[in-house]
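Engineer: quick one, what's the 3D model for this:
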Amino acid sequence: MHEIIEEIEKEQLKAEVPQFEVGDTVRVANRIKEGEKSRIQMFEGVVMKIQNVGSRKTFTVRKMSAGVGVEKTWPLHSPAVEKVEVIRRGKVRRAKLGYLRGRVGKDAKVKEVIR
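Structural biologist: From the prediction side, this is the model:
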């Protein structure tokens, strides 16, 4: 039974997956359907966490909007996620950046990796 589930999940995976890490600043192009129309909305922020493996892999992005923190979580292999662009590479030493939620302004920044 386990092999059958794995085969079905392999079919759901995207061919090209963007390479990004926790702490990177990314711009996510999200497809939104409104009735019969669809449009692409951009969401730019810091990757807070990446969870799971395979077709269930999700990532959470946090941005500040009018002084309020907004977090969104997307499945990486979802057809609604059009593309993920890496804007800046971040230097962090943790797998999940929950500590950023309590910080404001410059304290909420992640150091940039210069390569």
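Engineer: now do the same for the spatially most central residue of the chain: helix, strand or coil?
Structural biologist: By C-alpha atoms, centre = their mean, the mean C-alpha position of the chain lies nearest to F59, the distance being 4.0 Å. With DSSP: H, G, I helix; E, B strand; the rest coil as the basis, F59 sits in strand.
Engineer: so what pLDDT did it get?
Structural biologist: F59 is assigned a predicted lDDT (pLDDT) of 96.
Engineer: and it, what does it touch?
Structural biologist: Contact analysis of F59 by C-beta atoms under 8 Å, 6 or more residues apart in numbering lists F20, V47, K49, I50, Q51, T73, W74, L76. Quick note: C-beta positions are derived from backbone N, CA and C, even for glycine.
Engineer: can you tell me which of those residues is nearest Y99?
Structural biologist: Nearest to Y99, judged by C-beta to C-beta, of the contacts of F59 is K49 at 11.7 Å.
Engineer: tell me what that closest one is bridged to.
Structural biologist: According to DSSP bridges, the partner residues bridging K49 are T60.
Engineer: need the contact partners of the lowest-mean-pLDDT helix or strand in the chain.
Structural biologist: Among the helical and strand segments of the chain, the one scoring lowest on mean pLDDT, DSSP states H and E is helix 2-12, with a mean of 85. Outside helix 2-12, the residues that touch it by C-beta under 8 Å, 6+ apart are G54, S55, R56, H77.
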